[in-house]
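In: give me a model of this one.
(2 chains)
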Amino acid sequence: MYAFEIERPSTIADAVNALKGEDAQALGGGQTLIPTLKQRLAMPSKLVSLSGIGEMKGVCLGDAGEVCIGGATTHATVAREAAAHYPALAALASHIGDPAVRNRGTIGGSLANNDPSACYPAAALGSGATIITNNREIAADDYFQGMFTTALEEGEVITEVRFPVPEKANYQKFVQPASRFALVGVFVAKYAGGVRVAVTGASEEGVFRWTEAEEALSGNFDGGAVDGLSVPSDGMISDLHGTPEYRAHLVKVMTKRAVAASG
Amino acid sequence: MPKDSGIGASTKRREDVRFLTGAGNYTDDINIHGQAYVHFLRADVAHATINSIDTSGAADMPGVLRIFTGADFEAVGGLPCGWQVTDKHGQPMQEPKHPVLAHGKIRHVGEPVCAVVAETYAQARDAAEEIVLDLTELPAMVDMKEAVKDGATKVHDDLTSNLCYDWGFVEENKDAVDEAIKNAAHVTTLELVNNRLVANPMEPRVAVGEYSRSDDMHTLHTTSQNPHVIRLLMGAFVLGIPEHKLRVVAPDVGGGFGTKIFHYAEEAFCTFAAKAVNRPVKWTSTRSEAFMSDAHGRDHVTKIELAMDADNNFTAIRTETYANMGAYLSTFAPSVPTWLHGTLMAGNYKTPLIYVNVKAVFTNTVPVDAYRGAGRPEATFQLERVIDKAARERGVDPIALRRQNFVTEFPYATPVAVEYDTGDYEATMAKLEEIADIGGFAARRAASEKNGKLRGLGVNCYIEACGIAPSNLVGQLGARAGLYDAATVRVNATGSISVMVGAHSHGQGHETSFPQVISEMIGIPEDQIDIVHGDTSKIPFGMGTYGSRSLAVCGSAMVRAAEKVINKAKKIAAHLLEASDADIELKNGQFTVAGTDKSVAWGDVTLAAYVPHNYPLEDIEPGLEETAFYDPANFTYPAGAYACEVEVDPDTGKVTIERFSAADDFGNIINPMIVSGQVHGGIAQGIGQALLENCSYDENGQLISASYMDYAMPRADDLPFYSVDHSCQTPCTHNPLGVKGCGEAGAIGSPPSVVNAVIDALQSGGKNVAHIDMPLTPSRVWAAMNNA
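Out: Reported below is the predicted structural model:
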């Protein structure tokens, strides 16, 4: 990696201030950024570590019963502490990476990076979560704007993510054999107002909602409801691990399995 | 009752204590006062002419000691190839120059072009970014069949084409084989790819070069499976350093799997640069560099035809293989698709006529060389796949078809130049049927179907030629080295023993198993015996460890040296006991006069050898140390039968291995636990090849599986609990221990049964799929099912 300065603020305000410097970059758990630095693919002048900010850590319940997770909360903490409130979310967190990744990687870091194959974007979009930053609240539907692209502005920090708790939900991940990121991951959540289906890993545009399935499942929350639907392979990712056709096929298979497993 | 020490005991691996507690001494742990660091600027294009290299900006960067380019190595040799294959016309293979640093042309992504030596690694890397390469890109030759077409862009301008050799084996049999296939009652044909692999030892390669002006001595610390071979190749052929002025040390090495056999540019560079800059020079490979500079494995494209008579007896085999050499000939590359592959095409079967054709091709890819099994997995895979396909075409049981064609009488001379000394293929097949519970498969299949899964059973046999190798034979076949080995047994005054061996342990457990042999022979505790290896200044000589040769070849040398020691010790004991040495017996560490109660302990005899006050100095010298070299009379021929059971998810194509069983015949066994571990590891790599691992280039010669994000290594949860058995033992007839070698068997024997099982599963589900190329990823299996 190239040489850089590092700051370790203990408050959100100090972090936001530190990020105003030229070429400053926020560092969450570092599970993407550190390998990127090691490859010399990024050259920030300064890293601002968010891992020492107490007010950005932990899981709690909001006034409306929503699960509120601090932006610097690790996957392992979510797996442990959200389990009683939102089991599908906790289960998703418990299968990200390996124990080392889960003990370093954070929800804010994952959502800010918006890797097209990451798990958390599916949970956030599938739950209609709200992304809270240091200066605003962003609905998940407005937040994800394509592969590695989000509504975050320069220097903006995800301080918290709020998940409304569904009646039923499940995440099915079909892993890419090498990286074990999602080759296709589908998060299905049934709310009183309807069903949401969010797909990660499949599309060149990053995480997306499969609206046809949402409509079908909102009418009849049964895997069979999507039998007549088909997912177009246009715009699906093509790589060593799967063709667009294969990914499109898996979207449907994983959706059905998620519905079946959501109990 | 199992023994608790000596031959046959499952002694726990003593070296694991240091490996597992962080006390190992790996090459990267070696840091020498004043050492500088080298960073290699590697090619990021596959094929280009180098017009110019401007290092002026880089040379002024902080900490830079010197920048080297290919021009700096014009006065020294290139990296040599250790094997010359003769083609089917009797002509030698085409052998290109292999420069230490690219000179004139770049021929693969990852080839070292410049080397920056600096005070720190970061400074070297910073400076390398300031080097300006002026290149003219050339079309990249990636596909072998494209590369051998007329008019194809040449990888090496001074060769006539990209064809290294066109080998026919046995050429004299070709017409008879063609005739037999033409007249056969049935011919089964299969075209397949044996996928390119990256070895991925846990420890990446490291080299530390050192030069002492006081005695003009060069030392290379390196991650090698064979330090003497590196000393010979680098000293004699590259740098012109005489062997007495060059020491090569390979301390603890964290896995090799073949890829650390070869002499690499980075080793020669660090040795050369240490003298040039008068500082120790260190290089530690990153994992990214490992992917694009460690020699790759396999990469064959094959067509095999199996001819049978009306009764399903095999009558002939004909194969045509394109073997990828990569951009340069790595140390033993030419031997892998020829002598380690063609000679195994008979397998376990008495097929009277066999013809093997291999076209070795240069491409703009990383050089390809031996990887665990080396040629033998490629032979086994095509043979055991085509037999399975033949059984399906003929509507016969695949196990019965194999049994019907087994070699049953030994010694057996194959039509492909080797003679199997011993074996019992029926015994290992019967054992396999028992441990794999073949009889219970139908019920397990029914249970899987109830769960919506397709279950398949795949079986295969294998034989390999290892214990490499008789020097006179390999000399005739083109080897430029002998393949004997050596050991010195040094008995200390108080009776403890150091054994200096030419074999190199990089995971095999020699430090545990070799003392078991000496302990058995002398009758002293194993912990009184230590193994010394991996340092040319400490061991007599050695050709190193690969080809499952350590125990069969070096272990035999050790036995011969120990026999000499014992014979001398008996003379000393006879003197002390005032008896004739013919009457002395050694048992449990005591020398006894036969038929009497007169005895003297091992330690008293060894002390007398070094404190010779009462000693037959007129007859024998003081001291107790003997060396032996051992050159094997033949290869050894481990063989066995493997079974794999899989479930295939018809919705996703995902394959899950439910059961895996291996019945091996390794001859006599020194340490059953270590043998089981070797089989486990080999199977893991075989399953990795069959289901997961795929080294892949795009059409521009860019390596697109260049990290663990895209290159799928097997993990614990990809693998089942294995059932392994090595109770079938037909001892090797020509080495003193009767051992055969077990290091490669698992990797050789496992891929066909995995693929056979998947095909069986798909067929059971009504999918008419005859073959899928490895790795059988979910995507490929799903596509095959949906195209069927």
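
In: check contacts around residue 15.
Out: Since you didn't name a chain, this refers to chain A. A:9, A:26, A:48, A:50, A:53, A:134, A:157 (Cβ atoms under 8 Å, 6 or more residues apart in numbering or on different chains). C-beta coordinates here come from the backbone N, C-alpha and C atoms, glycine included.

In: looking at chain B here, not the other one
Out: B:Glu15 touches B:505, B:509, B:511-512, counting by Cβ under 8 Å, 6+ apart.

In: thinking again about what came up before, can you pick the most crowded of the contacts of A:Ala15?
Out: Using other Cβ atoms under 10 Å in any protein chain shown as the neighbour criterion, A:Leu50 leads the contacts of A:Ala15 with 27 neighbours.

In: touching, it and A:Gln25? I think so.
Out: No. Contact criterion Cβ atoms under 8 Å: A:Leu50 and A:Gln25 do not qualify, at 10.9 Å.

In: who touches the host helix or strand of B:Arg231?
Out: Taking DSSP states H and E as the definition, one finds B:Arg231 inside helix B:227-232. The set of residues external to helix B:227-232 that reach it, using Cβ under 8 Å, 6+ apart, is B:82, B:220, B:222, B:224, B:243, B:246-250, B:261, B:263, B:267, B:331, B:481, B:502, B:504, B:534-536, B:539, B:541-544.

In: tell me the one among the contacts of B:Glu15 nearest to chain A.
Out: B:Gly509 (28.0 Å; Cβ to the nearest Cβ).

In: residue contacts, that closest one?
Out: Contacts of B:Gly509 (Cβ under 8 Å, 6+ apart): B:13, B:15, B:671, B:674, B:677.

In: cool, and B:Ala374?
Out: B:Ala374 sits in contact with B:258, B:297, B:332, B:336, B:340, B:546-547, B:744, where contact means Cβ under 8 Å, 6+ apart.

In: following the helix holding B:Arg231, which helix or strand comes up?
Out: Counting by DSSP H and E, what follows helix B:227-232 is strand B:246-249.

In: downstream of that following strand, the next helix or strand is which one?
Out: From strand B:246-249, the next helix or strand downstream (DSSP H and E) is helix B:265-276.

In: so what's the gap between that next one and the chain middle?
Out: Offset of helix B:265-276 from its chain centre (Cα atoms, centre = their mean, to the nearest Å): 26 Å.

In: and if you look at stretch B:456-471?
Out: Using Cα atoms, centre = their mean, the offset of stretch B:456-471 from its chain centre is 13 Å.

In: repeat for stretch B:373-385
Out: From the chain centre to the centre of stretch B:373-385 is a distance of 14 Å (Cα atoms, centre = their mean).

In: same thing with stretch B:415-428?
Out: Distance, centroid of stretch B:415-428 to centroid of chain: 21 Å (Cα atoms, centre = their mean).

In: quick one: buried residues of that stretch?
Out: Residues of stretch B:415-428 classed as buried: B:415-418, B:420-425, B:427-428 (neighbour count, 16 or more other Cβ atoms under 10 Å in any protein chain shown).

In: end to end on it, go ahead and measure it.
Out: Distance between the two ends of stretch B:415-428: 23 Å, counting by Cα to Cα, to the nearest Å.

In: mean confidence for that stretch?
Out: The average pLDDT within stretch B:415-428 is 97.

In: and for stretch B:749-768?
Out: Rounded mean pLDDT across stretch B:749-768 is 97.

In: can I get the CA coordinates of that stretch in CSV?
Out: The C-alpha trace of stretch B:749-768 is given here as CSV (Å, rounded to 0.1, in the frame of the first residue of the first chain):
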residue,chain,number,x,y,z
GLY,B,749,-7.1,-41.3,-8.1
SER,B,750,-9.9,-39.0,-7.1
PRO,B,751,-11.0,-36.7,-10.0
PRO,B,752,-12.4,-39.5,-12.3
SER,B,753,-14.7,-40.9,-9.6
VAL,B,754,-16.1,-37.5,-8.9
VAL,B,755,-16.9,-36.8,-12.5
ASN,B,756,-18.2,-40.4,-13.0
ALA,B,757,-20.5,-39.9,-10.0
VAL,B,758,-21.9,-36.7,-11.4
ILE,B,759,-22.6,-38.2,-14.8
ASP,B,760,-24.2,-41.1,-13.1
ALA,B,761,-26.4,-38.8,-11.0
LEU,B,762,-27.5,-36.8,-14.1
GLN,B,763,-28.2,-40.0,-16.1
SER,B,764,-30.3,-41.3,-13.2
GLY,B,765,-32.4,-38.2,-13.6
GLY,B,766,-33.0,-38.8,-17.2
LYS,B,767,-30.4,-36.3,-18.4
ASN,B,768,-28.4,-37.6,-21.3
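
In: and B:Gly502, how far from chain A?
Out: 38 Å (Cβ to the nearest Cβ, to the nearest Å).

In: for that residue, grab the count of nearby residues.
Out: 30.

In: ok, for it, nearest residue in space, not its chain neighbours?
Out: Leaving out its chain neighbours, the residue that sits closest to B:Gly502 by Cβ to Cβ, 6 or more residues apart in numbering or on different chains is B:Gly542, at 1.6 Å.

In: chain A: strands as residue ranges?
Out: Secondary structure of chain A by DSSP state E: the strands cover A:5-7, A:24-27, A:46-49, A:59-61, A:67-70, A:130-133, A:137-139, A:158-163, A:168-175, A:182-191, A:194-200, A:208-209.

In: who are the packing partners of the shortest one?
Out: Under the contact criterion of 3 or more Cβ pairs under 8 Å, 6 or more residues apart in numbering or on different chains; DSSP states H and E, strand A:208-209 touches helix A:120-127, strand A:194-200.

In: what residues does the stretch 251-400 of chain B put near chain A?
Out: B:Ser288 (Cβ under 8 Å from any Cβ of the partner chain).

In: nearest to chain A: which residue in the stretch 251-400 of chain B?
Out: B:Ser288 (7.3 Å).

In: so that residue, which state does it fall into?
Out: helix (DSSP: H, G, I helix; E, B strand; the rest coil).

In: distance of it relative to B:Ser707?
Out: 6 Å (Cβ to Cβ, to the nearest Å).

In: this completes my enquiry, with thanks.
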